[in-house]
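Enquirer: Build me a structure from this.
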Amino acid sequence: MQADTGLSGISAIVTSVQQTMLINDTFTDTNGTNLTAHTPDIKVSTGWAANTGAITIQNNQANSTQNFPYYSIETGQSNVTIQALVTPSGSPACGLSGRVSNATNSWDIDINISGGNLTLTIQEQAAGVFTIRATTTFTDPGAPRTVQAVFSGSNATASVNGGNTIAYGSATSNQTVTKHGINMATGWNIDNYQVTNP
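Expert: Numbering: from 1, shown residues only. Prediction:
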């Protein structure tokens with residue numbers, strides 16, 4: 001008598017989800033080059049646009065010498081995964097931007113480091129007013145810090161180095177906007193910027 005494995009009559013379906021690389025930028029260029037004059041390694045449309053302020057390339061990284069410049073790039077998709085290596089330089093908090101309409105309407109995934117701790121936040125910016133929608137503070141893991149943001153419908157999640165995930169389930173503003181980007185502060189560096197779908 002053959003043993004019943006419990007699998008008879010059941011077919012297994014394996015679904016493979018393939019990510020499409022929309023943007024990849026290692027910021028390899030001449031020192032002092034403004035991102036608006038720089039061509040990303042992979043892009044789907046136009047290059048970087050300055051929403052406000054100036055971000056330039058230094059030592060093959062995106063760098064800022066002022067607080068709160070916002071740059072964005074067209075991806076053609078609103079539901080995306082964004083990630084980059086973020087090297088902070090004190091306060092204020094800065095990092096990634098998603099679904100960027102302009103300099104005053106966006107979703108920001110920011111980190112701040114103080115006293116050996118790292119604070120990760122999801123912030124909604126509407127008409128220049130910031131509202132923290134999710135936040136967590138944990139021991140700073142040190143460099144490298146890979147910050148990731150995932151936007152899917154009305155859901156926004158954020159993590160650092162694949163952990164300490166935070167989420168917000170009512171991210172309905174700018175929900176169909178397809179530009180994403182970075183926001184920075186003086187002395188901050190961002191490298192290996194990627195946007196994939198989904």
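Enquirer: Show me the helices in the protein, by range?
Expert: Read by DSSP state H, the chain holds no helices at all.
Enquirer: any weak-confidence spans in it?
Expert: 1-17, 90-91 (pLDDT under 70).
Enquirer: can you do 80?
Expert: Counting by pLDDT under 80, the chain contains low-confidence ranges at 1-18, 89-93, 198.
Enquirer: Let me see the contact set for the nearest residue to residue 82 once chain neighbours are set aside.
Expert: On the basis of Cβ to Cβ, 6 or more residues apart in numbering, the spatially nearest residue to residue 82 that is not a chain neighbour turns out to be residue 149, at 4.6 Å. For the C-beta atoms, the positions are set from N, CA and C on the backbone; glycine is no exception. Contacts for residue 149 were tallied using Cβ atoms under 8 Å, 6 or more residues apart in numbering; they are 81-83, 96, 98, 107, 109, 122, 156-158.
Enquirer: Output those residues in JSON lines, with neighbour count and distance to residue 40 appended to each entry.
Expert: As requested, the contacts of residue 149 are exported to JSON lines (neighbours: other Cβ atoms under 10 Å; distance: Cβ to Cβ, whole Å):
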{"residue": "81", "neighbour count": "19", "distance to residue 40": "16"}
{"residue": "82", "neighbour count": "26", "distance to residue 40": "13"}
{"residue": "83", "neighbour count": "19", "distance to residue 40": "14"}
{"residue": "96", "neighbour count": "25", "distance to residue 40": "15"}
{"residue": "98", "neighbour count": "27", "distance to residue 40": "17"}
{"residue": "107", "neighbour count": "27", "distance to residue 40": "21"}
{"residue": "109", "neighbour count": "31", "distance to residue 40": "19"}
{"residue": "122", "neighbour count": "23", "distance to residue 40": "25"}
{"residue": "156", "neighbour count": "24", "distance to residue 40": "23"}
{"residue": "157", "neighbour count": "19", "distance to residue 40": "24"}
{"residue": "158", "neighbour count": "31", "distance to residue 40": "22"}
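Enquirer: Please report how far residue 184 lies from residue 163.
Expert: As judged by Cβ to Cβ, to the nearest Å, residue 184 and residue 163 stand 24 Å apart.
Enquirer: Alright, calling it a day.
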